[in-house]
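Colleague: With the input below, show me the fold.
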Amino acid sequence: MSDEKVVAIDGPSGSGKSTVARGVGDALGLAVLDTGAMYRAVTLAALDAGVDLTNGVAIAAIAAKVRMELEGDIYLDGRDVSAEIRTPRVTASVSTVSAHSGVRGELVARQREWVVAHDGGVVEGRDIGTVVFPAAPVKVYLEASEGERARRRQRDEVAANRSVAVDEVRNSLARRDAIDSGRAASPLRIADDAIVIDATHLSVVEIVTDIVARFRTATGPRS
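Modeller: Take a look at the predicted model:
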């Protein structure tokens, strides 16, 4: 079963999921899937189409129709949207879009298909260990202090040539946390058997080493 080769990494925005997932994938020779990019791509498609983002039926129809390529750069219907899905326009709307159960159902199915096609993988998001791959041998919930998460997000914005204050980023993160944790469909929460890692004062190398060791212990010498 491909689930036996899944590392599920969940956590809020700015906790370092993407960086850690790439490190774990490199160490284990597994492909990496950023499920957040999928929701961002659907959000972008909905914004471009001028659809009411509170209309779950319409957004789910878009999610079912769009074609996404997720290897390296992110392509939406053949167009490279890697940078565009990270813009404030999309970031401000993605939690609204991802709260729709129809959208989540469509993308969860695609995520499971992706893992089958790649014979496993490191999958990061907000409901990977609780909903998408509850049988994954290693589930990690990555968290960090509010201040650290805000600083990381601000550095990302500066790197993208967007100037934003830390307090503004902190408020945005708090809003997303509230929506993601409070939604009815697959809310952000810690799986009962997840390993909780506070990344506030740990290096990426330390976190990756820990997760890789746990995965190898859980899956045996073949990994």
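
Colleague: ok, Ile9 to Ile197 distance?
Modeller: 9 Å (Cβ to Cβ, to the nearest Å). (C-beta placed from N, C-alpha, C; glycine too.)

Colleague: out of those two, which sits in the busier spot?
Modeller: The residue with more neighbours, out of Ile9 and Ile197, is Ile9; 32 against 21, by other Cβ atoms under 10 Å.

Colleague: Next up, the contacts around the more buried one.
Modeller: Residues in contact with Ile9, defined by Cβ atoms under 8 Å, 6 or more residues apart in numbering, are Lys17, Val20, Ala21, Val24, Val122, Val123, Glu124, Gly125, Ile128, Val140, Leu142, Ile211.

Colleague: Find the nearest non-adjacent residue to the third one, please.
Modeller: Using Cβ to Cβ, 6 or more residues apart in numbering and skipping residues adjacent in sequence, the residue nearest Ala21 is Glu124, 4.3 Å away.

Colleague: so that neighbour sits right up against Thr35, yeah?
Modeller: Yes: with contacts counted by Cβ atoms under 8 Å, Glu124 reaches Thr35, the gap being 6.6 Å.

Colleague: So between those two, which is more surrounded?
Modeller: Taking neighbours as other Cβ under 10 Å, Glu124 and Thr35 compare with Glu124 leading, 29 against 24.

Colleague: For the residue positioned nearest the centre of the chain, give me its contacts.
Modeller: Closest to where the C-alpha atoms of the chain average out (Cα atoms, centre = their mean) is Gly125, at 2.8 Å. Counting by Cβ under 8 Å, 6+ apart, Gly125 touches Ile9, Asp10, Lys17, Asp34, Thr35, Gly36, Gln111, Val132.

Colleague: Between Ile9 and Ile197, which contacts overlap?
Modeller: Shared contacts of Ile9 and Ile197 (Cβ under 8 Å, 6+ apart): Val140, Leu142, Ile211.

Colleague: For the first one, give me its contacts.
Modeller: Looking back up the chat, that one is Val140. Val7, Ala8, Ile9, Asp10, Gly11, Val20, Gly129, Ala194, Ile195, Val196, Ile197, Ile211.

Colleague: try it again with 6 Å
Modeller: Ile9, Ile195, Ile197, Ile211 (Cβ atoms under 6 Å, 6 or more residues apart in numbering).

Colleague: Repeat that for Ser82.
Modeller: Neighbour list for Ser82: Asp73, Ile74 [criterion: Cβ under 6 Å, 6+ apart].
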